[in-house]
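[1] Turn this into a model:
(one chain, ligands or ions: 2)
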Amino acid sequence: MLPFLKIMVKNLLKGPSTDPFPFAPAKTPKRFRGCASHDESKCILCGICKHVCAAGAIQMRAAEDGSGVEYVLWHNSCVFCGMCAHYCPTGAVTMTDNWHLSHLAEEKYTFCETSFVAFGECSQCGARIQPRPQVIVDQLGTRSPDRFLLCPKCKRESQVKHATDKNLIQLREQQ
Ligand code: SF4
Ligand code: SF4
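    Ligands and ions are numbered 1, 2, ... in the order given. The predicted structure follows:
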């Protein structure tokens with residue numbers, strides 16, 4: 001009788017060992033792959049995620065007014081391979097532990113995550129460029145953040161000017 005009481009008290013103190021779901025969030029193992037998710041504030045519109053997605057679950061549609069790109073992630077098409085998250089250079093697309101994928105049949109063609117990524121602006125001439133989110137500038141620790149915010153044409157001009165100034169200084173020093 002005593003051993004039984006011991007086990008009973010121990011189990012009472014330990015609490016239930018079964019999953020509390022649906023009364024509390026279900027526990028998911030570490031590195032569990034649920035829905036992929038897209039964070040537009042980190043996206044630079046490189047398109048790598050779309051390129052590596054074998055299931056065709058990612059679409060990127062240019063806005064008609066040319067102000068940016070609509071990013072659509074279809075949860076029904078996703079096969080949870082994790083390639084998009086693996087290759088995304090900025091961590092904008094990630095695999096979450098959200099496995100709640102059941103939905104009504106009529107939601108079949110709307111069950112997706114949609115976000116909008118606006119194009120950036122060249123800090124010099126105002127031309128449209130790929131987005132340059134501050135979070136990425138901070139992450140990359142780029143040595144010339146000013147140049148990072150330029151369009152290719154202004155960047156070339158800035159590099160030529162920089163090189164010319166450097167050469168002139170060297171020539172003056174040699175004279
Ligand atoms: S996890 Fe795989 S299938 Fe799903 S969106 Fe990413 S690349 Fe596509
Ligand atoms: S989510 Fe990542 S890989 Fe996809 S376009 Fe944006 S930055 Fe590139």
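[2] didn't Lys155 look like it was pressed against Arg147?
    Yes: taking contacts as C-beta atoms under 8 Å, Lys155 lies within contact range of Arg147: 5.8 Å. All C-beta atoms are positioned from the backbone trio N, CA, C, and that covers glycine.
[3] for the nearest residue to Ala62 once chain neighbours are set aside, what are its contacts?
    Residue nearest to Ala62 in three dimensions, not counting chain neighbours: Val69, with 5.6 Å by C-beta to C-beta, 6 or more residues apart in numbering. Val69 is in contact with Leu45, Met60, Arg61, Ala62, Ala63, Phe116, Val117, Phe119, counting by C-beta atoms under 8 Å, 6 or more residues apart in numbering.
[4] Going by distance to Val52, which of those wins?
    Set against Val52, the nearest of these by C-beta to C-beta is Met60 (13.1 Å).
[5] Need the three-state assignment for that closest one.
    Under DSSP: H, G, I helix; E, B strand; the rest coil, the three-state class of Met60 is strand.
[6] What is the burial count for it?
    Applying other C-beta atoms under 10 Å, we find 14 residues neighbouring Met60.
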